[in-house]
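**Q** below is the structure, and that's it, no one-letter string:
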């Protein structure tokens, strides 16, 4: 069994979506300074790095991240390669010929290379509202993207988020798919079980025999 870590490490210099709080990772006690333990303080938003969006992110009545069905976050997944698509539309997905019955879809775009650039990148590939609705109609349960938002930068209102989350589709944002080839895998992506939260950071891995 090969295991591929497709999450990004959380650290104070990592990319943060504009307007979100900066990430802080600091040491609160140190063995080198006479303490018995090394301990740290972590401070970041629910939507930093690799994270899961729950329906509560866009609606006051939606379920929260601790209420998400675990079977949506684990199971067979398709990594779909779309390296030349700056905008993922219904046409893009139709041409890709996604197999019937695909429940978990991870979109590998040029975004995965953006993580190695300095600072937040505004020109990331994103999913349009029509493409999101297309995936809902195909009964996809989970959609993952390889940068910090499934929505285009600065786009309001957030219709892509609405189209997915209001229909119960789990969204994973902030993946790094640069180390995996397109194809079928088994996905495990478990967000922190934060009660009542609209999202949470997650560790995501793909597995293949």
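**A** Sure, I can see it. Because the structure is a prediction, the values reported are computed rather than measured.

**Q** phi, psi of residue 131?
**A** Main-chain dihedrals, residue 131, degrees, to the nearest 10: phi -70, psi -40.

**Q** thinking it is in contact with residue 94, fair?
**A** No: if you go by Cβ atoms under 8 Å, residue 131 and residue 94 don't touch, sitting 9.3 Å apart. C-beta coordinates here come from the backbone N, C-alpha and C atoms, glycine included.

**Q** ok, residue 158 to residue 16 distance?
**A** 18 Å (Cβ to Cβ, to the nearest Å).

**Q** hmm, back to that, which of residue 131 and residue 94 has more neighbours?
**A** residue 131 (25 against 11; other Cβ atoms under 10 Å).

**Q** report the separation between that one and residue 191.
**A** Distance from residue 131 to residue 191, by Cβ to Cβ: 24 Å.

**Q** for residue 204, helix, strand, or coil?
**A** Classification of residue 204 using DSSP: H, G, I helix; E, B strand; the rest coil returns strand.

**Q** for residue 94, give me its contacts.
**A** Residues in contact with residue 94 (Cβ atoms under 8 Å, 6 or more residues apart in numbering) are residue 134.

**Q** ok, now which residue in this structure is the farthest from the centroid?
**A** No residue in the chain sits farther from the centre than residue 34, which is 39.7 Å out by Cα atoms, centre = their mean.

**Q** got a list of what it touches?
**A** Neighbours of residue 34 in contact, by Cβ under 8 Å, 6+ apart: none.

**Q** and the nearest residue to residue 64 once chain neighbours are set aside, which of the three is it?
**A** Nearest residue to residue 64 in three dimensions, chain neighbours excluded: residue 56, at 4.7 Å (Cβ to Cβ, 6 or more residues apart in numbering). Of the three states, residue 56 takes helix under three-state DSSP.

**Q** is it true that residue 56 touches residue 66?
**A** No: applying Cβ under 8 Å as the test, residue 56 and residue 66 come out as separate, 9.9 Å apart.
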